[in-house]
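In: Need a 3D model of the following:
(chains A and B)
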Amino acid sequence: MQGRNVRILVIEDEQKIAGALGKGLEEAGYSVSLARTGEDGFFHLAADPHDLVILDWMLPGRDGIEVLTAIRAQGQTMPVLLLTAKDAIEDRVRGLDAGADDYLVKPFAFPELEARVRALLRRTPVTEPRRFSVGPLELDTQTRRALRDGEEITLTLREFDLLRCLMQNAGRVVAREMLARDVWDEVGRATPLDNVIDVHMARLRRKVDPDPASRLIKTVRGVGFMLRVEPGA
Amino acid sequence: MRLIPRRIRSRLALGYALSVAATVLIYAGVIYAFARSSHIDRLDARLRDDFERIEHAFEISADGTISWKEVERPGHRDAAAERPWAEVFHPSDGTSIRWPSKPDPEAGPFRTHERSHVIAGDAYRIRLGRSLAPMQAELGDLLVLLALCFVPVVGLAWFAGRLLARRALQPVDIMTERARLMGAERLSERLPVGEGGDELDRLAEVFNQAFERIETAFIRLNRFTSDAAHELRTPLAALRAVGEVGVVGLGDEGEHREVISSMLEDTARLTRLVEELLELSRGDARSAPAVTARVDLVPLARDVCARLAVLAVERRQEIFFEGCDHAPVEADADALRRALMNIVDNAIRHGPADAPIHVSVDADEDAVVIRIRDEGPGIAPEHRARIFDRFYRADPSRASTGTGLGLSLAAQAIRLHRGRLDLEDTDGAGTLFRATLPRSVPAGP
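Out: Sure thing, here's the model as predicted:
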């Protein structure tokens, strides 16, 4: 999936999380090394340059912030994604001030982590293409027109943004948190927005996938949604 | 040893005794000074009389010597001890004659007066004295009498003070005993309140009100904890059951996927619950919104309605929005948007299907008022008081969609903005939530 071999170091003491991250990222095509403490992490970094570090804040011994400060003090500039259960605004600021490039609060959805890893690795922000096309679907972001098999689909603003988000992440699962943030600009999770997302998604589906035999938008129960063109279709 | 006693009773008694002692001392001092000055006045009057007499009691012979005449001398009728003495000085050589020739050594100190008497152009200096001893003896007796009275009077005051203090403070002792019995297990205990309505009764009443509030808070906390445990346990139980069945099941990949999905759904529910609980406890620890900026609540509320309109349509409801021109406030826009979303979502879920929901924003100089009303039967009186309680559900059977924390979160966010969220009485014309927000709120820690 990746053009070259991208190496990611995961510094995380919680074995289950570290294991799941390693497995998930490897399946996504990255090569992953795991470290359980800050010292272990330094050892890995010294032996081998990495393209990205996923760092847990709460580590035994030196905590993530200290490790991060030390990494930056050594002059290493690879992007660092900080994982933590602390999500007060002050904590976010502290993390970012210490040199983190992004910040993800536990528990997080794995697709969200993957999306952020991709964003961090895309060092230079790419200008968004004007037109997307996935299988029979075409989207023009400037005229805000959507076509399926050349036929125009009339979409509301929200439906259009939803479809764009799904198409940008075609083939990958998009979690509800990501949709809430990207389409509704809502970072807080204590909201009734999940239901809103479901209703909009149901409507979008009726318009995009009128024929159940050739469905493009799939529900991944318990996680979110995915737009995928089946190879056979 | 402490100079000031520890117990109020002893302090009061000591205070009484000291003030009575001071009063008695002042009185005694005044009496003594008065007695003394009237004695001296009498003595001085007698000495003035004595002068009248002494001026005629001596004569000057031709050679200029002074001698006593054989006439009555002053004080000849007085008792020997009280008899005055006199001395006349010769103007030129300073010699003098005395009478009696020697003052009585027993007579003690004297009060003396001096005066000049002119005879044939010569000024003769005359000194007269009277003993102070009789006066001193009398004043001494008075002093003893006063001192004898002082001791019992002060003692009596101390005793009476103790008695009064004990009677006045008796309710405090009873309260102390009763309060000692109170604890987490016996929060329903109350202090006895007397009939009199004095300061201590008021104190007991105020304490009882405080205990009442603590007891209520304690009950609510207990209920909250058990509700929270229950809410957490339900998805946990589902997770466990599905996982346990799934792990031994012999299903194909699709079935396994089904098991995992079901577990993920429960995880999502747990996550949201924990998220909301965290938000609540964070709000409890705050006294003001974390960040504030100028926000116009009219577009904000309109946006909330637009966001949730799809949910209303699902229930064939329509949201009617009505806003004034501008309703700017100093506020945390995200927090207020989430609060409004929760209230409107609540109206959509609990309002009747096929009926409209009205949302309005009005502003005056001090506050912005947002009203959210459905056209349902309203909330039964027994539920009204607890509608903002955490996990409280007026209709437990419809527990599925929400976490039961939405309205508590909304009320808390509005309270942090120094506003109020009230459930208005509409007399059966639906449920009306009214959020009142002051125009400016200082940001806090």
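In: Can you report how many residues neighbour residue 35?
Out: I went with chain A, as the question did not name one. As a burial measure, A:Ala35 scores 23 neighbours (other CB atoms under 10 Å in any protein chain shown). Yep, even glycine has a C-beta here, placed from its N, CA and C like the rest.
In: please go with chain B instead
Out: By other CB under 10 Å, neighbour count at B:Ala35 equals 15.
In: three-state assignment of it?
Out: Assigned with DSSP: H, G, I helix; E, B strand; the rest coil, B:Ala35 falls in the helix class.
In: Now the nearest residue to it once chain neighbours are set aside: which helix or strand?
Out: Nearest non-adjacent residue to B:Ala35, counting by CB to CB, 6 or more residues apart in numbering or on different chains: B:Leu142, 5.7 Å away. Assigned by DSSP states H and E, B:Leu142 belongs to helix B:133-181.
In: secondary structure class for the residue nearest the centre of chain B?
Out: Centre of chain B computed as the mean C-alpha position; nearest residue by CA atoms, centre = their mean is B:Leu203, 10.8 Å away. Of the three states, B:Leu203 takes helix under three-state DSSP.
In: so what's it up against?
Out: Contacts for B:Leu203 (CB atoms under 8 Å, 6 or more residues apart in numbering or on different chains) come out as B:Met175.
In: hang on, the earlier thing: if you count contacts, what does the helix holding B:Leu142 end up packed against?
Out: On a contact count with 3 or more CB pairs under 8 Å, 6 or more residues apart in numbering or on different chains; DSSP states H and E, helix B:133-181 meets helix B:8-54, helix B:199-248.
In: Out of those, the one nearest A:Glu159 is which?
Out: helix B:199-248 (30.8 Å; CB to CB).
In: State the mean pLDDT of the helix holding B:Leu142.
Out: Mean per-residue pLDDT for helix B:133-181: 88.
In: now swap in stretch B:9-18 and tell me
Out: Averaging pLDDT along stretch B:9-18 gives 88.
In: And whichever strand or helix holds A:Val199, what's buried?
Out: According to DSSP H and E, A:Val199 maps onto helix A:193-208. For helix A:193-208, burial by neighbour count (16 or more other CB atoms under 10 Å in any protein chain shown) applies to A:193-201, A:203-205, A:208.
In: And stretch B:163-175, by the same measure?
Out: Applying a neighbour-count criterion of 16+ other CB under 10 Å, one finds B:Ala165, B:Leu169, B:Pro171, B:Met175 buried in stretch B:163-175.
In: swap in stretch B:366-384?
Out: Neighbour counts using 16+ other CB under 10 Å place B:Ala367, B:Val368, B:Val369, B:Ile370, B:Arg371, B:Ile372, B:Arg373, B:Asp374, B:Glu375, B:Gly376, B:Gly378, B:Ile379 of stretch B:366-384 among the buried residues.
In: Mind checking which of these land in helices?
Out: In helices, defined here by DSSP state H, there are no members of those.
In: Including pLDDT and distance to B:Met263, could those go into TSV?
Out: Listed next are the buried residues of stretch B:366-384 as TSV, based on pLDDT from 0 to 100; distance: CB to CB, whole Å:
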residue	pLDDT	distance to B:Met263
B:Ala367	91	47
B:Val368	94	44
B:Val369	95	45
B:Ile370	95	39
B:Arg371	95	42
B:Ile372	94	36
B:Arg373	92	40
B:Asp374	90	36
B:Glu375	89	40
B:Gly376	84	36
B:Gly378	81	40
B:Ile379	82	36
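In: just checking, B:Ala268 touches A:Gly222?
Out: Yes: between B:Ala268 and A:Gly222 there is a contact under CB atoms under 8 Å: 6.4 Å.
In: bridging residues for the residue of chain A most remote from its centre?
Out: Residue farthest from the centre of chain A, counting by CA atoms, centre = their mean, is A:Glu151 at 31.0 Å. Beta-bridge partners of A:Glu151, counted by DSSP bridges, are A:Arg148.
In: thinking again about what came up before, list, out of the buried residues of helix A:193-208, those positioned next to chain B.
Out: Restricting the buried residues of helix A:193-208 to those near chain B by CB under 8 Å from any CB of the partner chain leaves A:Leu193, A:Asp194, A:Asn195, A:Val196, A:Val199, A:His200, A:Arg203.
In: Regarding the one residue in chain B that gets nearest to chain A, which helix or strand does it belong to?
Out: Nearest residue of chain B to chain A: B:Leu264, at 2.6 Å (CB to the nearest CB). Assigned by DSSP H and E, B:Leu264 falls within helix B:253-285.
In: What of A:Glu138?
Out: Assigned by DSSP H and E, A:Glu138 falls in strand A:137-140.
In: what packs against that strand?
Out: Packed next to strand A:137-140, using 3+ CB pairs under 8 Å, 6+ apart, are strand A:131-134, strand A:145-148, helix A:157-168.
In: now that strand: mean pLDDT?
Out: Average pLDDT, strand A:137-140: 90.
In: Can you mark which positions in that strand are buried?
Out: Those would be A:Leu137, A:Glu138, A:Leu139, for strand A:137-140 by 16+ other CB under 10 Å.
In: Just put those residues in TSV and tack on distance to B:Glu82.
Out: Shown next, in TSV, are the buried residues of strand A:137-140 (distance: CB to CB, whole Å):
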residue	distance to B:Glu82
A:Leu137	139
A:Glu138	141
A:Leu139	135
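In: Could you single out the nearest of the residues you listed to chain B?
Out: Using CB to the nearest CB, A:Leu139 comes nearest to chain B of the buried residues of strand A:137-140, at 21.4 Å.
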